[in-house]
Each structure stands twice: as C-alpha cells, then as structure tokens.
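1. Sequence plus the predicted model coming up.
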Amino acid sequence: MPVTFPMPYAEFLGALPVKSVEFDLPEAVEMSRTAGGDLLVAAIGARLWQGEVMLGKLNPWEAQDAQALIDLMRGAGSSFLATHTRYPYPRQDPTGSVLGASTVQIAALDGTDARMISLKGLPVGYALSRGDMLSFTYGATPLRYALHRVQDAQITADSSGVTPAFEVLPHIAPGAQVDAAVTLVRPHCKAIIVPESTQTGRQSRFMRDGMSFRFLQTLR
C-alpha cells in the first residue's frame with residue numbers, strides 16, 4: 001500500500017533494530033569580530049534538531065529489511081517522525097503510567113518571550129524535569145512539528161493540572177497555539193535522512209554491523 005509521509009514511529013524508526021539514537025541542537029549563528037576585538041554573534045535562522053541513528057548487529061535478513069526501509073527514506077519528499085528512543089517518557093514517569101490517558105495541551109504562551117510555555121491537562125502534581133522533551137503540531141499546509149526540551153530544573157502541575165510557565169529550547173515558533181495537543185510520550189519532530197550520510201556497515205560471514213544514518217529536522 002502507498003506510504004504516507006512523515007512515516008510514524010512504528011512504521012520506520014520503531015521498525016528498525018536501533019542500537020542508539022543521538023539528538024543534538026546545534027547553534028544557528030554567525031560570528032564576526034570588530035577591529036577593537038569585540039565578538040559579535042547573531043542568530044541566522046531557526047535551531048533545528050539533528051542526530052544519528054545507529055543499528056545493532058543484523059543477520060542477513062534483518063539487514064536486507066533495514067536497508068529497504070532506509071533506502072525508501074532517502075528519496076526526495078520522504079520524511080519520518082524522529083524521537084529519542086533512549087528517553088521516550090519524562091524522567092519522573094519512566095513508563096508513562098502516571099500520565100496515562102491524560103490529554104495534555106498548551107495552556108499559555110508568552111507573546112513577548114518565545115522561550116516560555118505552560119501546559120494543562122496533566123495529573124495533579126505531575127513533574128517535568130530539565131531534559132524532558134515535548135512536542136506539538138502547528139500551522140497548516142504544511143503541518144509543522146515542534147520538538148522542545150525543558151530547560152527548568154523541575155516544573156510541577158498544580159491542583160488543576162496546570163504548570164507554571166517554564167523555559168524550553170529551541171524557541172517556540174510563530175504559529176503555535178494555545179489548546180494545541182502536546183505529546184510527552186515519544187515526543188518527536190519531522191525529519192529527513194541527510195543526503196550521503198547513510199553507512200551500510202560491514203558484512204561478515206553471518207552478520208552485518210555498523211549500519212547508520214544521520215537525520216535533520218525539517219519544518220516543511
């Protein structure tokens with residue numbers, strides 16, 4: 001049946017025998033130096049997530065299946081939902097059981113400070129920690145996927161399930177809306193495989209080892 005992009009976690013990243021996924025949020029700045037020795041740094045664009053997916057040792061059939069999936073994703077227009085497989089849940093809810101079926105939403109955004117966000121719909125006393133991730137969608141045609149990392153040491157939901165405002169990185173893009181649904185379980189961004197980054201690994205008599213690819217968040 002025809003593939004729909006971005007491919008959901010279960011159909012691509014979750015279907016690969018992943019050994020590790022690394023995420024990075026590199027700076028998007030340019031720097032210049034004045035005659036007096038001052039360093040001038042300016043932002044030149046949105047900060048986008050990037051990283052690398054490493055697969056484990058594969059038998060020949062596993063390697064063939066993985067290569068077919070990866071090659072599909074290397075085509076123009078292909079994309080998938082990238083999530084940090086090592087940290088699928090918030091730190092203080094390592095199985096997601098406390099969150100359960102809660103419907104989490106954006107409670108408030110700061111119109112003057114794109115770093116700040118508040119959530120609602122959480123269990124009473126639910127805690128988020130520095131390094132936890134959250135995601136939501138915004139915009140239309142295209143639908144954009146935002147992935148943010150909590151920067152405050154700890155945020156706790158009050159008796160109404162609402163958090164105080166807290167800081168996230170990267171900054172929240174224009175277009176994000178109050179009441180948008182927020183994902184805390186396998187939060188994700190839309191990503192593409194970086195061209196010419198795929199490594200097919202080495203084939204021994206019985207196993208293939210070292211298959212990997214790099215990915216980059218896309219907002220389109």
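-> Structure's in. What do you need? Numbering: from 1, shown residues only.

2. how about low-confidence regions in this protein?
-> Within the chain, no stretch has pLDDT under 70.

3. Return the residues in contact with the nearest residue to Trp49 once chain neighbours are set aside.
-> Spatially, and ignoring its direct neighbours in sequence, Trp49 is nearest to Gln217 (4.2 Å; C-beta to C-beta, 6 or more residues apart in numbering). Placement of C-beta: from N, CA and C, glycine included. By C-beta atoms under 8 Å, 6 or more residues apart in numbering, the contact set of Gln217 is 48-50, 82, 147, 189-191.

4. Gly51: which element?
-> Using DSSP states H and E, Gly51 maps to strand 50-55.

5. Flag every buried residue along that strand.
-> Across strand 50-55, burial judged by 16 or more other C-beta atoms under 10 Å covers 50-53, 55.

6. can you give me the helices for the protein?
-> For the chain, the helices defined by DSSP state H occupy 60-73.

7. quick one, domains of it?
-> The chain is divided into the following domains under automatic domain parsing: 1-86+190-220, 89-185.

8. before we move on, back to that, just name the closest of the contacts of Gln217 to Glu62, please.
-> Ala82 (21.1 Å; C-beta to C-beta).

9. Next, the contact list for the closest residue in space to the closest one that isn't next to it in sequence, please.
-> Excluding the flanking residues, the one nearest Ala82 by C-beta to C-beta, 6+ apart is Ala191, at 3.9 Å. Applying C-beta under 8 Å, 6+ apart to Ala191 gives the contacts 6, 49, 79-82, 215-218.

10. Most neighbours out of these, which is it?
-> Neighbour tally across these (other C-beta atoms under 10 Å): the maximum, 27 neighbours, falls on Ala82.

11. Surely that one and Cys189 touch.
-> Yes. Here Ala82 reaches Cys189: they are 5.6 Å apart, a contact under C-beta atoms under 8 Å.

12. so what sits against both of those two?
-> If you check Ala82 and Cys189 against C-beta under 8 Å, 6+ apart, the residues they both contact are 49, 217.

13. Number of residues surrounding Pro195?
-> 10.
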